[in-house]
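> coordinates only, sequence not included:
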């Protein structure tokens, strides 16, 4: 994983991104510290946006289609899709 990431981004530049990633970060810290240190210390947690939408603009909450496979790659694609959606309907940039 680290070899792959190093081809595309410098150490300390990319934040971790995804849904509920605090637990993922804890796991990496405990079991894969070199990988955890590769990421920027800040992160983008899509779950935070979801929680803000629920409270501030519930009419635009994204309804997920089907059940999540809970596999890393599909979860990543789902998080990207969700973040793009909220950028368009909630953040408006």
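Received, thanks. Note that the coordinates shown come from a computational prediction; the quantities given were computed from them, not determined experimentally. Numbering: from 1, shown residues only.
> So what pairs up with the residue nearest to the spatial centre of the chain in the strands?
In the chain, the centroid-proximal residue (C-alpha atoms, centre = their mean) is residue 18; its distance is 1.2 Å. Taking DSSP bridges as the rule, residue 18 bridges to residue 45.
> Please name the residues that touch it.
24, 44, 45, 46, 75, 76, 79 (C-beta atoms under 8 Å, 6 or more residues apart in numbering). Placement of C-beta: from N, CA and C, glycine included.
> which of those has the most neighbours?
Neighbour counts for those (other C-beta atoms under 10 Å) peak at residue 46, which has 21 neighbours.
> per-residue pLDDT, that one?
If you check residue 46, the pLDDT there is 94.
> my guess is it contacts residue 84, does it?
No - if you go by C-beta atoms under 8 Å, residue 46 and residue 84 don't touch, sitting 10.2 Å apart.
> Tally up the residues packed near residue 49, please.
19.
> out of everything not next to it in sequence, what's closest to it?
Nearest non-adjacent residue to residue 49, counting by C-beta to C-beta, 6 or more residues apart in numbering: residue 86, 4.8 Å away.
> Against which helices or strands is the longest helix seen in the chain packed?
Ordering each helix of the chain by length in residues (DSSP state H) puts helix 72-86 first. Judged by 3 or more C-beta pairs under 8 Å, 6 or more residues apart in numbering; DSSP states H and E, helix 72-86 is in contact with strand 16-18, helix 46-56.
> Give me the residues contacting the last one.
Taking contacts as C-beta under 8 Å, 6+ apart, the residues outside helix 46-56 that touch it are 17-21, 60-62, 79, 82-83, 86, 90-91.
> ok, of these, which come out buried?
Burial of these was assessed by neighbour count (16 or more other C-beta atoms under 10 Å); the buried members are 18, 19, 21, 62, 79, 82, 83, 86, 90.
> Give the helix, strand or coil label for residue 69.
Three-state call for residue 69 (DSSP: H, G, I helix; E, B strand; the rest coil): coil.
> That one and residue 75, how far apart?
Distance, residue 69 to residue 75, by C-beta to C-beta, to the nearest Å: 8 Å.
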